[in-house]
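**Student:** got a predicted model here, sequence first, then my questions.
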Amino acid sequence: MIKEITGGVTAPKGFSAIGIAAGIKKGKKDMAMIFSETPCRTAGTFTTNVVKAAPVKWDQAVVYGGGMAHAVVVNSGVANACTGTEGYGYCRQTAEKAAEVFRIAPEEVLVASTGVIGQQIPIEKIKAGIEKMAPLLSADEKAATLAAEAIMTTDTVKKEIAVEVEIGGRTVTLGGMCKGSGMIHPNMCTMLSFVMTDANISKEMLQKALSADVKDTYNMVSVDGDTSTNDTCLLLANGLAGNPEIAEEGEDYRKFAEALNYINTYLAKHMAADGEGATALFEVKIIGAESKEQAVTLAKSVVTSSLTKAAIYGHDANWGRILCAMGYSGAQFDPEKVDLFFESAAGKLQIIENGVATGYSEEEATKILSEKEVTAIADVKMGTAEATAWGCDLTYDYVKINADYRS
C-alpha cells in the first residue's frame, strides 16, 4: 500500500538538498541542488522539441550513456537554450565545479535550467552558487522545500511530494519536486521534474518504469499548447532501502511503478492547476473508448481547446465546445452515442445523453463549474479503455503574464 508522507526529494535515504538565491534573479531563490551520498542509477525523459536546451543535451549524454549520478544542479531565471557551443560549455563548467566540490567525476553531475530562452547563463554566479550550496545541504524537509521553491519561475506555489511503499520486506521511499506553470503542452511540458528514490532497482527497470509512466502523467498535461526546449524529468535511485534488486517485471516492479505513478500524477495535476493565470484545474476523462490511443487523443483534444478552457473560466456549461473538440481530434467515434458529465466538489451532472442535451439546470451546472477543480467525463460507449488529461482554464491573466515575461 502506498503511504503519502510529508517531505520531498530529501525523504528517501541518503538524499540531501538546498535552495538559495545566487543572484540570477533579483531578490529570489534561483538555484537548487540535490545530492546523494552514494552513486545513483539514473533514468530520464526529455523534451520532444527539436530545439533542445544545452542542459537537456548534457543530461541525455549522462543518462543514455549509462552513467551513474551523485548530484543535480538546477538554476531558474535563464534557460540556457539556443546558446550554442558556449551554452553547452557552461553545462560542462557547472558539472566540473560540482565535481570539484564533491570530489566526483563531472559526468556524475546532472544539470537543469529554466527561464528565458536565448540568454547565456551567468556562469560565475552559477559556480559561486555551487560553492555556497554544498555546505548547506541537508536531509530535512525544510531543505527539500527550499530546493522546490528555488526552481520556480512563474509558478505561484512549490510542488513536492513523498511516498512510502513496502517492497521485498523493506520500506522504499520516493520523493519528488517539479516546476511548471506555462509553456506547457504534451509531450511533456515546460517542466523540470526530479524524483529521488532509495529503491534498489536496475537501470533498465528504472528507465522502463519512467518511460511508461510519463505517458499517463506529464504527457497528459496541457496549459497553453507550447512545448518547451528544456523539459526534463530525472529519476535517480541510490539503492539504500536495501530491498532485493528489482531487475525484472514482477510484483516488486509493479509496486515501484505504482508508487512512481502516484508521485508523477500528483506533480502533473499540480502543474496543471498552477497554470499561468489559472483559477481552476480542468480534468478531462474519456471512458468507454475502443482503445487507449483513442481515449488519449480525445482527452488531449478537449483539454487543449481554447474555447473550452475559456468556457471553464466563465463557469459556462457550453458542452458543444467539448463535443466539437472531440470531433476534430482525428479519433473516430459516434457523436450520437456520447454521454457527457460535469463533476466537481459541488456535485455531478449529466449534460448530454446520446449526443443530445438532457435539459439540465444551467444554475446547477454553473455551481459545479465554479469549483477550483472541475472534471468533464465523456463516455463514447465503444469499449473499456480510458484516459485522463489535465489542464486549466484560460484567463485574462495568462496574456498579462506572457506579454511582459522578459521584463
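**Tutor:** That came through fine.
**Student:** so which elements touch the lengthiest strand in the chain?
**Tutor:** When the chain is parsed with DSSP state E, its longest strand is strand 31-46. Helices and strands touching strand 31-46, by 3 or more CB pairs under 8 Å, 6 or more residues apart in numbering; DSSP states H and E, are strand 15-20, helix 54-64, strand 69-78, helix 123-133, helix 141-150, strand 192-197, helix 203-214, strand 232-237. To be clear about C-beta, it is placed using only N, CA and C from the backbone, and glycine gets the same treatment.
**Student:** could I get the ones you listed as JSON lines with distance to Met1 and mean neighbour count?
**Tutor:** Formatted as JSON lines, those follow (distance: least, CB to CB, whole Å; neighbours: other CB atoms under 10 Å):
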{"stretch": "strand 15-20", "distance to Met1": "23", "mean neighbour count": "24"}
{"stretch": "helix 54-64", "distance to Met1": "31", "mean neighbour count": "21"}
{"stretch": "strand 69-78", "distance to Met1": "29", "mean neighbour count": "25"}
{"stretch": "helix 123-133", "distance to Met1": "36", "mean neighbour count": "19"}
{"stretch": "helix 141-150", "distance to Met1": "22", "mean neighbour count": "23"}
{"stretch": "strand 192-197", "distance to Met1": "17", "mean neighbour count": "29"}
{"stretch": "helix 203-214", "distance to Met1": "18", "mean neighbour count": "19"}
{"stretch": "strand 232-237", "distance to Met1": "21", "mean neighbour count": "28"}
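**Student:** what residue ranges in this protein score low on pLDDT?
**Tutor:** Low-confidence segments of the chain (pLDDT under 70): 181-190, 223-229, 275-277, 401-402, 404-407.
**Student:** part of a strand, is Cys171?
**Tutor:** To be clear, residue 171 is Thr; Cys isn't right here. Yes. Counting by DSSP: H, G, I helix; E, B strand; the rest coil, Thr171 is part of a strand.
**Student:** which residue is the nearest non-sequential neighbour of it?
**Tutor:** Nearest residue to Thr171, sequence neighbours excluded (CB to CB, 6 or more residues apart in numbering): Glu164, at 5.5 Å.
**Student:** can I assume that neighbour is in contact with Arg170?
**Tutor:** No. If you go by CB atoms under 8 Å, Glu164 and Arg170 don't touch, sitting 10.4 Å apart.
**Student:** between these two, who's got more neighbours?
**Tutor:** More crowded of Glu164 and Arg170, by other CB atoms under 10 Å: Glu164, with 19 against 15.
**Student:** how near is the more buried one to Met205?
**Tutor:** The spacing between Glu164 and Met205, counted by CB to CB, to the nearest Å, is 19 Å.
**Student:** what pairs with the helix or strand that contains Ile377, and is each one parallel or antiparallel?
**Tutor:** Ile377 is part of strand 373-379 when elements are defined by DSSP states H and E. Its sheet considered, strand 373-379 pairs with strand 281-289 (parallel), strand 339-344 (antiparallel) by DSSP bridges.
**Student:** any idea how far Leu349 is from Thr395?
**Tutor:** 23 Å.
**Student:** isn't Val101 right up against Ile130?
**Tutor:** Yes. Counting by CB under 8 Å, Val101 touches Ile130, with 6.0 Å between them.
**Student:** which parts of the longest strand of the chain are buried?
**Tutor:** Neighbour counts over strand 31-46 (16 or more other CB atoms under 10 Å) mark 31-36, 39-46 as buried.
**Student:** same check on stretch 385-404?
**Tutor:** 385-395, 398, 402.
**Student:** in a markdown table: those residues, plus distance to Ala376 and secondary structure.
**Tutor:** Listed next are the buried residues of stretch 385-404 as a markdown table, based on distance: CB to CB, whole Å; DSSP: H, G, I helix; E, B strand; the rest coil:
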| residue | distance to Ala376 | secondary structure |
| --- | --- | --- |
| Ala385 | 17 | strand |
| Glu386 | 13 | strand |
| Ala387 | 13 | strand |
| Thr388 | 11 | strand |
| Ala389 | 10 | strand |
| Trp390 | 11 | strand |
| Gly391 | 10 | strand |
| Cys392 | 13 | strand |
| Asp393 | 12 | coil |
| Leu394 | 15 | coil |
| Thr395 | 18 | coil |
| Tyr398 | 20 | helix |
| Asn402 | 25 | helix |
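**Student:** ok, these vs Asn243, which is closest?
**Tutor:** Nearest to Asn243 out of the buried residues of stretch 385-404 is Thr388 (CB to CB; 30.1 Å).
**Student:** name the nearest residue to that closest one, ignoring sequence neighbours.
**Tutor:** Sequence neighbours aside, Lys285 is the residue nearest to Thr388 in space, at 5.0 Å (criterion: CB to CB, 6+ apart).
**Student:** report the beta-bridge partner residues of the one you found.
**Tutor:** Listed beta-bridge partners, Lys285: Ile377, Thr388 (assigned using DSSP bridges).
**Student:** tell me the secondary structure at the closest residue to Leu369 other than its chain neighbours.
**Tutor:** If the residues on either side of it in the chain are set aside, Leu369 comes closest to His315, at 4.2 Å by CB to CB, 6+ apart. What three-state DSSP gives for His315 is coil.
**Student:** from Thr304, how far out is Cys392?
**Tutor:** Separation of Cys392 from Thr304 (CB to CB): 11 Å.
**Student:** please enumerate the helices of the stretch 201-350 of the chain.
**Tutor:** Taking DSSP state H, counting those that start in this stretch, the helices of the stretch 201-350 of the chain run over residues 203-214, 251-273, 292-303, 306-313, 319-327.
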